[in-house]
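>>> Quick one, fold the following:
(2 chains)
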Amino acid sequence: MTSRPTAKSPLLIARELGVAAGGQELLVGVNFELRAGELVALTGPSGMGKTTLLRALCGLDEPTMGTVELENRTPAQWGYPAFRRRVLLVDQRPILFDAPLEANLRRPFEFHSARSEFSRERAVELLERVGLSATRLTQNARSLSIGQQQRASLVRALLLEPTVFLLDEPTSALDGEAVAEVEALIREELHRRSAAGLVVTHSAQQAREWCDRQLDVARWKLALD
Amino acid sequence: MNNAVPISPLQLAIAGLLIVATGGLSLALKLGLERSLAVAALRTVVQLSLIGYVLKWVFAVDSPWVLLVAMTLMIAAAAHAAIGRSKRSYAGIFERSFVSLFCSGLLTTFIVTAAIIQIRPWYHAQYAIPLLGMILGNGLTGISLALDALLEALSARRGEVEMELAQGATKWEAARAPLSEAIRRGMIPNINSMMVVGIVSLPGMMTGQILAGADPLQAVKYQIVVMFMIAAATALGCIFIALLTYRHLFNERHQLMWQLIKRRP
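As a prediction, the model looks like this:
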């Protein structure tokens, strides 16, 4: 294991990344760093490639050029499953299986790349933080409201304790109070574990007040003739 | 086993009257089926006669090479039919369907002729070709269902697979559930038919043997061998096509290359 870099050294580095979707180049020359403890907003109009960029950052898609490094190692050096475990993508649309919520939360701990055991106590603690009671654990996850599902999928991500969170509009299905709870919880987690977060948001207020700084994808937009 | 009642051309012509009568019924009731009925009946006669002569020749020559060519052609036709029905496809699907049927078909045919019926040599065409034919007829349905289920899971429901990959699953871990579901779907018709065989219907091969004058108990034993052979071959075929498709659609970086899956127009 490599030792965790000191507080302000970059965790994730994107170098000269290019991304494409459906055979169409969307972004080029993407360069940025995420440092421990920081939360960065990824902003820009819809359809410009924000989600595509997140997919390339976690290694779910291959970038058309450039490299991504986590703690100075590429996904190939980590091994893709181990890399993704640490650079965790949380989909905007929560995807939960047709099974009790607890089974959904446990599932990623069955993978070979799992680094810890599932803790039911920790799950209950996190669920309660986002306003879901422990009784939900036995309920079928698909029977939860969409807002509850989004919070449950966030809890699943937090349980995995990644080094970098890639959050695609994590509060899009939540109302005011729940948004505040989720924002506070994520902040706390980043601070507690010296993790970093990159969050896609369409809310200027969220980008300004919740995040430390903003990256606008427009600057990496491929110039169209 | 040569106490079958021979059928003369005249007797065949009388059977033809059944079709003529059916056509008349269609005319009287304005079903509009006369044309397709006539074409279908004609095709039945021509196709079966041709295959009858081909089989007669293949059995007479009885060369392993001729047998291999005949089997390859049968497998290619089955492989083509297996992929023709699925809603989704990918480049290279025919080759994989062919390999799946080739391996599962030849392996089970070999086991049945060499180890169970104990024909010497095992590739005696009179046994190998009808057995392979039955295997392929069932195997292609299994492969077709398995492919449909797998490609559906990996494209329409790819979000679930990619979410697991995103959480650190290896491609095998993420594909396990869709793969077993696909193999299950391919096997179900076969298991269902084993459940009801003899109760709802008498299988064609057994009926044929009984008509040809065989002892019913002997025919039953043959039929049991055939049902088991078909079940094993279908299972193998489904497993092969599922694994070959899995290897093609996931790369060494544990990414799902869903773009390779095309919807059939």
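
>>> so what pLDDT did the nearest residue to A:Ile146 once chain neighbours are set aside get?
Here the nearest residue to A:Ile146 in space, its sequence neighbours aside, is A:Ala173; by C-beta to C-beta, 6 or more residues apart in numbering or on different chains that works out to 4.9 Å. C-beta here means a position set from N, CA and C on the backbone, and glycine is covered the same way. Among the per-residue scores, A:Ala173 shows a pLDDT of 91.

>>> And B:Val226, by the same measure?
Model confidence at B:Val226 (pLDDT) stands at 89.

>>> Next: A:Val199.
Predicted confidence (pLDDT) for A:Val199: 97.

>>> Quick check: it touching A:Asp212?
No: look at A:Val199 against A:Asp212 with C-beta atoms under 8 Å: they stay out of range, at 10.6 Å.

>>> If you count surrounding residues, which of the two has more?
When A:Val199 is set against A:Asp212 and neighbours are counted by other C-beta atoms under 10 Å in any protein chain shown, the residue ahead is A:Val199, at 24 against 14.

>>> Contacts only, for the closest residue to the more buried one other than its chain neighbours.
With C-beta to C-beta, 6+ apart as the criterion, A:Val199 has its nearest non-adjacent residue at 4.3 Å, and that residue is A:Leu167. When the contact criterion is C-beta atoms under 8 Å, 6 or more residues apart in numbering or on different chains, the partners of A:Leu167 are A:Val90, A:Ile186, A:Gly197, A:Leu198, A:Val199, A:Val200.

>>> Taking the centroid of chain A, which residue is nearest it?
Centrality entry for chain A: nearest residue to the mean C-alpha point is A:Leu166, 2.4 Å, by C-alpha atoms, centre = their mean.

>>> what bridges to that one?
In this structure, A:Leu166 bridges to A:Leu89, A:Leu198 when assessed by DSSP bridges.

>>> Next up, the contacts around residue 103.
Let's take chain A. A:Phe97, A:Ala141.

>>> was after chain B, sorry
So B:Cys103 contacts B:Leu236, B:Phe240 (C-beta under 8 Å, 6+ apart).

>>> re the thing from before, mind checking pLDDT for the residue nearest to the centre of chain A?
In this prediction, A:Leu166 has a pLDDT value of 98.

>>> what about the residue in the stretch 51-200 of chain B that chain A sits nearest to, which SS state?
Of all residues in the stretch 51-200 of chain B, B:Gly168 sits closest to chain A, at 3.2 Å by C-beta to the nearest C-beta. Assigned by DSSP: H, G, I helix; E, B strand; the rest coil, the conformation of B:Gly168 is coil.

>>> Enumerate every residue touching it.
Shown here is B:Gly168, whose contacts under the criterion C-beta under 8 Å, 6+ apart are A:Pro81, A:Ala82, A:Arg84, A:Arg85, A:Pro108, A:Phe111, A:Ser113, A:Ala114, A:Leu160.

>>> Pull the number of nearby residues for the residue lying closest to it once chain neighbours are set aside.
Across the structure, with C-beta to C-beta, 6+ apart as the measure, the residue nearest B:Gly168 apart from its sequence neighbours is A:Arg85 (3.2 Å). Residues within reach of A:Arg85, counting by other C-beta under 10 Å, total 25.

>>> On the pLDDT front, check A:Arg85 for me.
97.

>>> ranges for the helices of the stretch 1-150 of chain B?
When assigned using DSSP state H, counting those that start in this stretch, the helices of the stretch 1-150 of chain B occupy the ranges B:9-28, B:34-61, B:64-84, B:93-110, B:125-155.

>>> and of the ones you listed, who's closest to A:Glu121?
With C-beta to C-beta, the closest approach to A:Glu121 among the helices of the stretch 1-150 of chain B belongs to helix B:125-155: 34.3 Å.

>>> gap between the two ends of stretch A:44-53?
From the first residue to the last, stretch A:44-53 extends over 12 Å; the measure is C-alpha to C-alpha, to the nearest Å.

>>> a helix runs through A:Leu185, doesn't it?
Yes: secondary structure of A:Leu185 (three-state DSSP): part of a helix.

>>> Secondary structure class of A:Val68, three-state.
Per three-state DSSP, the local secondary structure of A:Val68 is strand.

>>> quick one: contacts for it?
Listed by C-beta under 8 Å, 6+ apart, the contact set of A:Val68 reads A:Leu12, A:Ile13, A:Ala14, A:Arg15, A:Leu17, A:Ala56, A:Leu57, A:Gly59, A:Thr74, A:Pro75, A:Val87.

>>> among those residues, which ones are buried?
Buried subset of the contacts of A:Val68 (neighbour count, 16 or more other C-beta atoms under 10 Å in any protein chain shown): A:Leu12, A:Ala14, A:Leu17, A:Ala56, A:Leu57, A:Gly59, A:Pro75, A:Val87.

>>> Redo these as JSON lines? Include secondary structure.
Formatted as JSON lines, the buried ones among the contacts of A:Val68 follow (three-state DSSP):
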{"residue": "A:Leu12", "secondary structure": "strand"}
{"residue": "A:Ala14", "secondary structure": "strand"}
{"residue": "A:Leu17", "secondary structure": "strand"}
{"residue": "A:Ala56", "secondary structure": "helix"}
{"residue": "A:Leu57", "secondary structure": "helix"}
{"residue": "A:Gly59", "secondary structure": "coil"}
{"residue": "A:Pro75", "secondary structure": "helix"}
{"residue": "A:Val87", "secondary structure": "strand"}
